[in-house]
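1. Mind looking at a prediction? Sequence and model below.
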Amino acid sequence: MKNKKIIVALFFLPLLSCKRNLKTEGPNLEDLYGEFKILQPFQVSSGTVDFSTGESVHFTCKFNKPSDWTLTITGPNKAKKILTGKSNTLDLNNAVWNGTTTHFPTFSTGLCDAELFVKADSSYHKLKVQVNGKKKPGGQVVADFETGIQSGWKVFAQTGANMSFLIRDTGIIPEGGKYYDMGGAVNWDWLIGMIDFPASAYGTGGFKLGGNPDDLYFNVVINRPANLTNGIVLFQFREDENSDGLFNTNNEDMYSIELNNLKSGWQIYSIKYSELVCLVNGSPSTPKGNGRFDADKLFQISCLFLANPSSGYSKVGMDYIVFTQGKPLEL
Amino acid sequence: MNKRLSNFKSIVPFLLLAWSNNLISQQKKVWASGQARSVFQQNKYGSAGDTVTPVMTNSGHALADLTLNASPNSSTYLNATIRVRNDFGGFWGSGVTFDLRQLYLKGLIKNSIRYQLGDINYKLTPFTFFSNSEELSGQQNKIVNVYRQMVHTDWFYTKDNTWRQQGAAVDFSLDINNKLFRSIDFDLFSSRVNPTDFQLQSERFFYGGNSTIHLGSDLQAGLNTMVLSDVKGTSKSKSFFSNAVYTGNVKYLKKGSIFNVEASGEFGTSKFEIKGGSDAGSISDFFAHSQVSSTHKTTRLSFTLKYINVGPGFRSVGAQTKRINFDALSGLYGRISNAQTIRPFTTLDLAQDASIYRYSFNPNLDKYLPWYDNMNPYGMATPNRKGQEVKLGWLTKDSLLIMKANISLLQEVVGQGVSDLRRFNGVQFQLDLNINKWLKSLKRDLTISMHQSMQNTERKTSLSQAKIDLKSSILDLGISWEFAKDFELVLSYRKFNAVGNEMMNVRNTLTEVTDFENIKADFVEETLSAALTYHFSSKSQIHAIWHKLNRTDKLIADNTFKMNQFAIVYILNF
């Protein structure tokens, strides 16, 4: 019986080592029902940041009860990053800035203003962040237009009125200093002009894509002028499935993405490679080839600029065509 | 054509006879069993000013669970059950469904290792793997329990609180028989909870078991483990969930000449963890529970004293998942009033509406309605509770009287939002009086029953907005009379009322409290019921049941309504 008692006592030994956190659960109700207070002032994790090395900064602030807030960071080149939320804290979970932009151009280096607006007491809180290095967008670049039209690209423009298929250098655009200007009026055809990016223009291995098409994003940055809404940008993706160095329209896949109803100003458009569709005259259709998304066999990307012939002059700016892995492009 | 039909009619009984003969000839190696029921319900609804909700609905169904039992040898058994259901109004097959309801194989290896594969009913302890009974299920309302039993059958809920799972279970015992140990039992289990969708939902498995050492005939000690975990690599998700519970339990039973005494205890820890993703984090805590009970052999009076302490961070998905989904919409008059707002649940819904029940596990602490049970909404494993419970019981030798009383005094372990603690007081009292045991002139059963339970939740604090005061009570009165052989008449009256306020927890994915939601209640619900039952045998009955329910809500006018129900329920087991 004595041995039994020892065994039973051994069973309860672990209880002696149990310690419990007796902290109150949930938000403090006295804070929640009291007057709104800022418990910790608006601060930044670091006064300087170099986004080019992958650094980021986060902002902190603590209120006694949840409130709507807006954090606006403005760069020396008028670039803006806006973060919003409703919470009682700003921290690593909801107020991180990794150098990306909400309103283009992208941030340049220099001193940025960070302003926090707290709706509960309509207060503004300001501080400065020194940016020493710009964010480097990753991915497999198809075109950034910084060094002109590359050999192998094929540009075609109709002989319409006010045609402008050319690279412009304004210095203030989402990425770099130059972009591609596509514009004109063609009253007999939807096609205004186009540009082909064949894989052969990128050397051995072509676009150097592969992997899971669910994790591969096609991205492009497009600017629609505020007063011109009729432009349509159509991208076509031709796959050389049998690797014979040619694209056969009868037995190989061509996928597309049609960007219409473009938003005003510079915007990033991203789509998973696996979400591209087969279009024939703008209507969904069945791919002619194996029906798989073989990004590693991408033969050519074509960008067609279209508009209704009766709609008159149309124009868009295009910049930074890039494939990214795992997530859409962030600039 | 008619001749062909006539021939067909004559062939069917012949085939059935041949089949049954075949079964018999196989010396019960294959046999059939099952259950059938037919239900017809007519419901009437009424509410002042409501011109949108239909006043009357009719529904019904007939179903049969046909079980094929096979025992190809003395150590193997196969069970396959098919449910055939026909909703009334669906003629010539349009409303008929066929489902494979149950399939399992069990057997014995070398006369020592028992196993079961397929559908399994499994439980461990109330803190590890345990299907807690739903709210108000302890109420002894005989009429309502006719429906409750159908819900339990449909959702595989059992009296011993097992969860229905798909997986495998093995148990075996090692006989030692030395001075210290008699034997050690092992019991292992695994089930698949979620299949992967190959995108963001990973495969999720329960696995665990129990080993119990028998130290003589009166003492045993056990270790219990239950882990619910995602399997890495089965989806693209970067977030992986796991919940591990480890407990130890001891049980001592002493049979004396005057008293039987039983003492038991369980303690353990849990860890609830999300690895990766934006919700990453972990919560861990522990619990302790002990109980002493004693029964006086002569008078059959029993006494139980219980102590419990469950930490606020104790998480055990297998023991805290609720049967009722309080976010669900009732299948009967789910929306009411001209604005078609969601109808609040009634006590009748809790007992009879199968559509609000579930058997899937929820890693987050489920929603509950505090007026039905605020003390132990997640059973004994309810986090953030400590206190004691006293139970008294008396069952007279001649079964004239069955009396049970239960007093619970619990409080929180830590405060929520304020340092002041909620205090929970609960009282339950049940009395069943078998009059025919007293008046010997009565040849048939006549039973009067009364059951009352009350719960109070109170938090006294200096902050007026944080004060909590919620009271709820339920009274059941019933009389059951076998007025002729196999004919039974049951009458009952039920009153449920709730008044006060509570601050419900709003939790994040990691089940931490992030906010509070104020709720108020001030309503009374009264149900008058009558049932006439004919018992064909102990296995089959037909009931004619009538309910009249009035709900009066002083806070929300739309939630004041009347519902009448008449039903014919036929149940047959074979």
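-> Looks like it arrived, so ask away.

2. Dihedrals phi and psi, A:Asp75?
-> Small correction: residue A:75 is Gly, not Asp. A:Gly75 has phi and psi values of phi -90, psi 170 when expressed as degrees, to the nearest 10.

3. same thing with B:Ile435?
-> Torsion angles, degrees, to the nearest 10, at B:Ile435: phi -60, psi -40.

4. and the residue of the stretch 351-500 of chain B found nearest chain A, how many neighbours does it have?
-> Residue nearest to chain A within the stretch 351-500 of chain B: B:Gly417 (3.6 Å; C-beta to the nearest C-beta). All C-beta atoms are positioned from the backbone trio N, CA, C, and that covers glycine. By other C-beta atoms under 10 Å in any protein chain shown, the residues close to B:Gly417 number 25.

5. again with A:Ser264
-> A:Ser264, neighbours per other C-beta under 10 Å, totals 12.

6. ok, it - contacts?
-> A:Arg224, A:Pro225, A:Ala226 (C-beta atoms under 8 Å, 6 or more residues apart in numbering or on different chains).

7. what about A:Arg292, which SS state?
-> coil (DSSP: H, G, I helix; E, B strand; the rest coil).

8. Please read the previous query as pertaining to A:Ser52.
-> A:Ser52 is classified as helix under three-state DSSP.

9. Could you do B:Ile308 as well?
-> Once three-state DSSP is applied, B:Ile308 turns out strand.

10. Can you spell out which residues form a bridge with it?
-> B:His289, B:Gly387 (DSSP bridges).

11. Can you give me the neighbour number for it?
-> Neighbour tally, B:Ile308, other C-beta under 10 Å: 23.

12. can you check A:Asn260 too?
-> So A:Asn260, with other C-beta under 10 Å, has 13 neighbours.

13. my guess is it meets A:Asn230, correct?
-> No: using C-beta atoms under 8 Å, A:Asn260 makes no contact with A:Asn230, being 9.2 Å away.

14. what's in contact with stretch B:498-513?
-> By C-beta under 8 Å, 6+ apart, stretch B:498-513 touches A:25-27, B:272, B:274, B:279, B:281-283, B:315, B:363-365, B:367, B:370-371, B:374, B:416-417, B:457, B:466-472, B:514-523.

15. So which residues of chain A form helices?
-> According to DSSP state H, chain A carries its helices in the segments A:2-16, A:29-33.

16. Check chain B too.
-> B:2-25, B:144-154, B:317-320, B:347-352, B:435-438.

17. Lowest average confidence across those, which one?
-> With a mean of 42, helix B:2-25 has the lowest mean pLDDT of the helices of chain B.

18. Show the contacting residues for residue 65.
-> Using chain A here. Counted by C-beta under 8 Å, 6+ apart, A:Lys65 has contacts A:Pro27, A:Asp31, A:Leu32, A:Gly34, A:Phe36, A:Asn88, A:Ala120.

19. my bad, the chain I had in mind was chain B
-> By C-beta under 8 Å, 6+ apart, the neighbours of B:Asp65 are B:Gly34, B:Gln35, B:Ala36, B:Thr81, B:Ile82, B:Arg83, B:Arg101.

20. what's the distance between the first one and chain A?
-> Okay, so that is B:Gly34. According to C-beta to the nearest C-beta, to the nearest Å, B:Gly34 and chain A sit 45 Å apart.

21. Is that residue in contact with B:Leu68, as I believe?
-> No: using C-beta under 8 Å, B:Gly34 makes no contact with B:Leu68, being 9.2 Å away.

22. any shared contact partners between these two?
-> Joint contacts of B:Gly34 and B:Leu68 (C-beta under 8 Å, 6+ apart) are B:Thr81.

23. Am I right that A:Thr70 is in contact with A:Thr84?
-> Yes: using C-beta under 8 Å, A:Thr70 is in contact with A:Thr84, at 5.0 Å.

24. about what we covered before: I'd like the distance between the residue of the stretch 351-500 of chain B closest to chain A and B:Lys367.
-> 19 Å (C-beta to C-beta, to the nearest Å).

25. go on, B:Glu266?
-> 27 Å.

26. neighbour count winner among these two?
-> Counted by other C-beta under 10 Å, B:Glu266 and B:Lys367 do not tie: B:Glu266 has more neighbours, with 22 against 16.

27. which strand residues sit across from that one in the sheet?
-> So, taking DSSP bridges as the rule, B:Glu266 has B:Asn249, B:His289 as bridge partners.

28. shouldn't it be in contact with B:Asn210?
-> No: taking contacts as C-beta under 8 Å, B:Glu266 lies outside contact range of B:Asn210: 11.4 Å.

29. anything in contact with each of those two?
-> Joint contacts of B:Glu266 and B:Asn210 (C-beta under 8 Å, 6+ apart) are B:Thr125.

30. can you tell me the residue of the stretch 251-400 of chain B closest to chain A?
-> B:Phe286 (4.4 Å).

31. residues contacting that residue?
-> B:Phe286 neighbours (C-beta under 8 Å, 6+ apart): A:Leu15, A:Cys18, A:Arg20, B:Phe267, B:Gly268, B:Thr269, B:Ser270, B:Gly311, B:Phe314.

32. Please tell me how far it sits from B:Ser264.
-> Separation of B:Phe286 from B:Ser264 (C-beta to C-beta) stands at 18 Å.

33. Kindly report the same for B:Ala498.
-> B:Ala498 is 34 Å from B:Ser264, by C-beta to C-beta.

34. number of nearby residues for B:Leu365?
-> B:Leu365, neighbours per other C-beta under 10 Å, totals 19.

35. can you check B:Ser284 too?
-> Neighbours around B:Ser284, by other C-beta under 10 Å: 16.

36. If you drop the residues flanking it in sequence, what lies closest to the residue of the stretch 351-500 of chain B closest to chain A?
-> A:Leu29 (3.6 Å; C-beta to C-beta, 6 or more residues apart in numbering or on different chains).

37. So B:Glu273 is in contact with B:Asp279, correct?
-> No: under the criterion of C-beta under 8 Å, B:Glu273 is not in contact with B:Asp279, lying 10.6 Å apart.

38. who has more neighbours, these two?
-> Shown here are B:Glu273 and B:Asp279; by other C-beta under 10 Å, B:Glu273 has more neighbours (17 against 13).

39. The nearest residue to the more buried one once chain neighbours are set aside: neighbour count?
-> Excluding the flanking residues, the one nearest B:Glu273 by C-beta to C-beta, 6+ apart is B:Ser282, at 4.0 Å. For B:Ser282, the count of nearby residues is 14 (other C-beta under 10 Å).

40. and what of the one 10 residues further on?
-> A count of nearby residues for B:Val292, using other C-beta under 10 Å, gives 15.

41. Would you mind measuring from the nearest residue to A:Gly210 once chain neighbours are set aside to B:Arg335?
-> With sequence-adjacent residues excluded and distances taken as C-beta to C-beta, 6+ apart, A:Gly210 is closest to A:Asp296, at 4.1 Å. Using C-beta to C-beta, A:Asp296 is found at 53 Å from B:Arg335.
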